[in-house]
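> Attaching a predicted model along with its sequence, questions to come.
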Amino acid sequence: DHDDHDDHDDHGGAHNVGEAIGASIVVAAASVCGLLLLIPGFSALVHKFQLMPTMDAFASGILLGVVLFLIMPEALHMIGSSYKDESQQAAFYGSFTLAGFLTSILIDLVLNLLFPTDFGHHGSAIVVPVEEGIETGGIEKNVGVKKWNKEQPNNTTTESKRCWPLASVVWSITIGDGIHNFVDGMFIGVAFKGCGTSLGWAVAATCIVHEVTSELGQFWILIHPDQGRLSWLAALAINSASSVLTIIGCIIVTFADISLVALGCMLCFGGGVLFYVSSVQLWPSLLQTKGNVTSVVSLVMAFILGSTVIGLVLLHHEHCHAAHMPTVNATSAAVADAHDGHDH
């Protein structure tokens, strides 16, 4: 019977490994969504119905919902399985959440120092002066495009600086997106490894929703004649290469021997990153968007819908158990087994 139990755990672990890597591949595949901008009429449709701001608000609701309803409670549960003292739990919980948030800030600050004229959060802070007559496809509200104004004395077109062999804005997007993709992959791996498929796919879904809106804005900047100046094929190749880091990050975490407490701390770190993305990166451009009451209501409703969708997951959600974590060390697994009998 004991052997059968071991076989069952090994099979479940292998199943989680396969799904974790599969989920990271699905998230990485979102990098090709920028090709939607090449479909005739798609840009006009996005502009007409203001889909980009609405998608950003929806993504923000989903991200915060996953963090508050799923990730943080599970992280605290894992940390609490080894540390019963509330002050110790709060120290781990708070420190690693703040570390994730601060790391995101530092990444943005460093990129801002390296590329001061081209850097933008989520493509929303990049200013692209465009000559009259150049079709922007209506994405300008999301990427901060400013139309050419002939009444201004300085009406010369501002181009992205050239950092051989690519424009500086290309480096900014590639480095920032690459780091973010790697963290996403690690986060997906931790979720599947620590809590199984339920939380794993929930985290993967949030990454996909954010990646779709992010990649659309980034792809448009990369192919813009005054910014990235890349062909659509080159832009797709760069985005695809960057997205591979999602898979690499997931594989590293999946096959590493990580304790239960370490998994909880990594979940907190990832939660801090998602806090930053959902608030600092997504909302500034939305708050600056000029519109009527209808547009404001649509943003609020999109946010509520996103968080509600994730909240519904709680109806059938249970705490993580050691059986979902075949690679944790023996000490953490034993502690988790003892904790499983405690009701929540």
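Yes, it's here.
> Check what pLDDT residue 332 gets.
Predicted confidence (pLDDT) at residue 332: the value is 41.
> hey, where'd the helices end up in the stretch 51-200 of the chain?
Per DSSP state H, counting those that start in this stretch, the stretch 51-200 of the chain carries helices over the ranges 51-66, 72-80, 86-114, 140-143, 168-195, 197-223.
> So which of those helices is nearest residue 24?
Of all the helices of the stretch 51-200 of the chain, the one in closest proximity to residue 24, counting by Cβ to Cβ, is helix 168-195 (5.1 Å). C-beta: built from backbone N, CA, C; applies to glycine.
> quick check: angle from the closest one to helix 51-66?
Our comparison of helix 168-195 with helix 51-66, counting by axes from the mean of the first three to the mean of the last three Cα atoms, to 10 degrees, yields an angle of 30 degrees.
> Skipping its backbone neighbours, what lies nearest residue 105 in space?
The spatially closest residue to residue 105, leaving aside those adjacent along the chain, is residue 276, at 6.9 Å (Cβ to Cβ, 6 or more residues apart in numbering).
> Kindly report the same for residue 63.
Take residue 63 and drop its neighbours on the chain: the residue closest to it by Cβ to Cβ, 6+ apart is residue 278, 3.7 Å away.
> re the thing from before, wait, the residue nearest to residue 105 touches residue 98, no?
No - counting by Cβ atoms under 8 Å, residue 276 stays clear of residue 98, with 10.6 Å between them.
> about what we covered before: and the residue nearest to residue 105, how many neighbours?
Applying other Cβ atoms under 10 Å, we find 21 other residues in the vicinity of residue 276.
> Show me the shaky parts of the protein.
Residue ranges of the chain with pLDDT under 70: 1-15, 117-166, 289-291, 314-344.
> One more pass at 50, please.
Per-residue confidence of the chain (counting by pLDDT under 50) places the weak regions at 1-12, 121-158, 322-344.
> So which residue is smack in the middle of the protein?
The chain has residue 207 as the residue nearest its centroid, 4.5 Å off, counting by Cα atoms, centre = their mean.
> Could you measure from it over to residue 180?
As defined by Cβ to Cβ, to the nearest Å, residue 207 lies at a distance of 10 Å from residue 180.
> How about the contacts made by the residue nearest to the centre of the chain?
With contacts defined as Cβ atoms under 8 Å, 6 or more residues apart in numbering, the neighbours of residue 207 are 27, 30, 184, 187-188, 246.
> Identify, from these, the entry nearest to residue 55.
Within these, proximity to residue 55 (Cβ to Cβ) peaks at residue 30, which comes in at 12.7 Å.
> Residue 97 and residue 270 touch, don't they?
No - judged on Cβ under 8 Å, residue 97 makes no contact with residue 270 at a distance of 9.2 Å.
> out of the contacts of residue 207, who's nearest residue 71?
Proximity of the contacts of residue 207 to residue 71 was ranked by Cβ to Cβ; the top entry is residue 187 with 8.7 Å.
> Count the neighbours of that closest one for me.
Residue 187 has 30 neighbouring residues, counting by other Cβ under 10 Å.
> these two touch, right, it and residue 273?
Yes - the pair formed by residue 187 and residue 273 meets the contact definition of Cβ under 8 Å, at 7.4 Å.
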